[in-house]
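Student: Generate a structure from the sequence data that follows.
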Amino acid sequence: MSPDKTMPAAQAEAAVAEFNIEEGLDVLQVPPLVRYLACLVMTAMATAIAAGFDRYEAIPNLSLIYVLPVVAGSVFFGLGPALFSAVLGALAYNFFFTEPRLSLAVADTANIWAIVLLFVVACIISAITAWGRRKGIDLERSRRMQAALKTYAGRMAASRSTEDATKLTLAAVTGFFQSPAVVVFAAEAEGEPRVQGAERLSAIEIEAARSAWDLRLAVAGGIYPYDQSRFDFWPVSTFGTRSAVIGVAFDPDRRPANPDAMMDIVALVFGAAIDRCRA
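Tutor: Just a heads-up that it's a prediction; the model follows:
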């Protein structure tokens, strides 16, 4: 069943946005080309500033000005652009400020060591700064995740039907992971499983969903014997006979490190809501 048949499109989009924990969290969502171009511009600005100082007075350790684009790149754009800034900085310092100037040749051995030291220091700083940045993002993501789960649990406690609880769960899971989500209810008698969500499931994905509720274990997609399944499935525990599973189709390039912790909580809350509405 598509979201258009269960709730208006605008309302569905608003519900998904409410649970989006990634919005504005990571500048790495900026296209790679833009990030590298930004680092190129910052290195050019550092060169212009260094040239201004060098024009009027010889300043020792002028190469250290190229550390600034590296730090900025690692803070805002990640390790790759920061290392790109480090390479650009070493080349620019060699080309513009070592003899013979306007050439990549180096006449003085001391300048060779200065260039190498600049590159090594820039690489170390970029790695440390990028590591700290990732830690900060992880902490902020955890804080947002806890707040989103609290909001989800509160909204689920106020749901008045299994249908409302299903809609809210689909919106929440889609918002959490920015990935398509489905809820699959086990077939009653000899019927087919009922699927709610924006995606149609293939036969192998239906089989993976059945395996999840039969074994009461999470089933990962893309892994044998369900290597053709786009979805990971988590079983929803209920006291009744109507079993359900929640499926998420993660982008392989942006798969969370540990989605089980969050999805186990979602499955517990959803199962409790199903039991309460049924009672």
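Student: list the helices and strands the helix or strand where residue 153 lies packs on?
Tutor: Using DSSP states H and E, residue 153 maps to helix 109-157. Under the contact criterion of 3 or more CB pairs under 8 Å, 6 or more residues apart in numbering; DSSP states H and E, helix 109-157 touches helix 67-76, helix 79-97, helix 162-177, helix 259-278. All C-beta atoms are positioned from the backbone trio N, CA, C, and that covers glycine.
Student: what stretches of this structure score poorly on pLDDT?
Tutor: Applying pLDDT under 70 to the chain picks out residues 1-15, 17, 24-29, 58, 188-191, 240-242, 279.
Student: mind redoing it with 50?
Tutor: Applying pLDDT under 50 to the chain flags the ranges 1-6, 9.
Student: Can you point out the buried residues in stretch 171-187?
Tutor: 171-177, 179-186 (16 or more other CB atoms under 10 Å).
Student: now residue 125: how far from residue 89?
Tutor: 11 Å (CB to CB, to the nearest Å).
Student: Kindly apply the preceding question to residue 159 instead.
Tutor: Taken as CB to CB, the span from residue 159 to residue 89 is 56 Å.
Student: And the two? Which one has more around it.
Tutor: residue 89 (28 against 19; other CB atoms under 10 Å).
Student: Give me the neighbour count for the residue nearest to that one when sequence neighbours are not counted.
Tutor: Excluding its sequence neighbours, the residue lying closest to residue 89 (CB to CB, 6 or more residues apart in numbering) is residue 66, at 3.1 Å. Applying other CB under 10 Å, we find 26 residues neighbouring residue 66.
Student: In contact with residue 66, which residues?
Tutor: Contact partners of residue 66, counting by CB atoms under 8 Å, 6 or more residues apart in numbering, are 43, 46, 50, 85, 86, 89, 90, 92, 93, 118, 122.
Student: of the helices and strands packed on helix 109-157, which approaches residue 203 most closely?
Tutor: Nearest of the helices and strands packed on helix 109-157 to residue 203, taken as CB to CB: helix 162-177 at 21.9 Å.
Student: Which strands or helices does the closest one pack on?
Tutor: Counting contacts by 3+ CB pairs under 8 Å, 6+ apart, helix 162-177 packs against helix 3-6, helix 9-18, helix 109-157, strand 181-185, strand 194-197, strand 244-248, helix 259-278.
Student: tell me the contacts of residue 267?
Tutor: Each residue near residue 267 by CB under 8 Å, 6+ apart is listed here: 234, 235, 236, 237, 246.
Student: which of the residues in stretch 206-226 are buried?
Tutor: 206-213, 218-221, 226.
Student: can you give me the offset of that stretch from its chain's centre?
Tutor: Relative to the centre of its chain, stretch 206-226 is centred 24 Å away, using CA atoms, centre = their mean, to the nearest Å.
Student: What of stretch 96-112?
Tutor: The chain centre lies 43 Å from the centre of stretch 96-112; the measure is CA atoms, centre = their mean.
Student: Pull the residues that contact that stretch.
Tutor: 47, 50, 51, 54, 62, 63, 91, 94, 95, 114, 115.
Student: Likewise for stretch 114-128?
Tutor: Residues external to stretch 114-128 that are found in contact with it (CB under 8 Å, 6+ apart): 63-64, 66-67, 70-71, 73-74, 79, 82-83, 85-87, 89-90, 93-94, 98, 106.
Student: ok, residue 162 - contacts?
Tutor: Contacts here follow CB under 8 Å, 6+ apart; on that basis residue 162 touches 273, 274, 277, 278.
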